[in-house]
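Asks: Provide a 3D model corresponding to the input given below.
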Amino acid sequence: MLNIEIKAKLEDLERARRTAGRLGAEHVATLQQTDTYFRVPRGRLKLREQEPGADQLVLYRRPDQPTPKVSDYQVVPVAESAGVRALLSDALGILTQVRKRRELWRLDNVRIHLDTVDGLGTFIEFEVMVIDGRSEESCRARAEELLASFNISQGDLVAGSYADLSPG
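Replies: This next block holds a predicted model:
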């Protein structure tokens, strides 16, 4: 699966909520998530445990750049997350854990995440899904439009993942 992803530091969470609503986005859920990142030679592998919702193992590869980027990812549901975490920790080692409160919004083929990350602050993330015959180029253009709509400056863009920003 592919999406065009971009993440930025967010100063005003309430303003972002209002903008999402004005654009017609629907608030889908508010989730408590713990992402455990494991040491892997390529890409990022994380176990996502979330309430409410189903836990997942996620592998993704994308360049670390602040501009909209293609993310190639795979998601597998996990029924026994404690056992999977212990097994992967033993086999690969834990890189870091990231805890966050995520507001999930949807707008057509876009997932908008308003994240409050423990120890790091507040962020916004757009995942423009490359689906339904849409091209990567049109999805990248949509991500750029969203940056403008949410008034996000280039200086607020984040190149990597929360794991890269986490103190460990």
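Asks: For the chain, which helix extends over the most residues?
Replies: helix 136-149 (DSSP state H).
Asks: Give me the mean pLDDT for that helix.
Replies: On average, the pLDDT along helix 136-149 is 96.
Asks: Could you list the low-confidence segments of this structure?
Replies: Filtered on pLDDT under 70, the chain yields the residue ranges 167-168.
Asks: what are the ranges of the strands in it?
Replies: Here the chain has its strands, by DSSP state E, at 2-9, 26-38, 44-51, 55-61, 69-78, 94-107, 110-117, 121-129, 157-158.
Asks: Nearest residue to the middle of this structure?
Replies: residue 125 (5.9 Å; CA atoms, centre = their mean).
Asks: for the longest helix of the chain, packing partners?
Replies: Helices and strands touching helix 136-149, by 3 or more CB pairs under 8 Å, 6 or more residues apart in numbering; DSSP states H and E, are strand 2-9, strand 110-117, strand 121-129. Any C-beta I mention is one placed from the backbone N, CA and C, and that applies to glycine too.
Asks: That one: how far from the chain's middle?
Replies: Here helix 136-149 is found 16 Å from its chain centre; the criterion is CA atoms, centre = their mean, to the nearest Å.
Asks: Could you do stretch 41-48 as well?
Replies: Put simply, stretch 41-48 sits 13 Å off its chain's centre (CA atoms, centre = their mean).
Asks: Give the residue farthest from the middle of this protein.
Replies: Going by CA atoms, centre = their mean, the residue of the chain most distant from its centre is residue 90, 25.6 Å out.
Asks: Buried residues of stretch 78-90, list them for me.
Replies: Buried residues in stretch 78-90, counted by 16 or more other CB atoms under 10 Å: 78, 81, 84, 85, 88.
Asks: Now it - C-alpha only, PDB.
Replies: Extracted C-alpha coordinates of stretch 78-90, given in PDB (Å, rounded to 0.1, in the frame of the first residue of the first chain):
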ATOM      1  CA  VAL A  78      -2.100  -8.600  15.900                       C
ATOM      2  CA  ALA A  79      -4.200 -10.600  18.400                       C
ATOM      3  CA  GLU A  80      -1.500 -11.200  21.000                       C
ATOM      4  CA  SER A  81       0.400  -7.900  21.200                       C
ATOM      5  CA  ALA A  82       2.200  -8.700  24.500                       C
ATOM      6  CA  GLY A  83       3.600 -11.900  23.100                       C
ATOM      7  CA  VAL A  84       4.500 -10.300  19.700                       C
ATOM      8  CA  ARG A  85       6.300  -7.400  21.500                       C
ATOM      9  CA  ALA A  86       8.300  -9.900  23.700                       C
ATOM     10  CA  LEU A  87       9.200 -12.000  20.700                       C
ATOM     11  CA  LEU A  88      10.300  -9.100  18.500                       C
ATOM     12  CA  SER A  89      12.100  -7.500  21.400                       C
ATOM     13  CA  ASP A  90      14.100 -10.700  21.900                       C
END
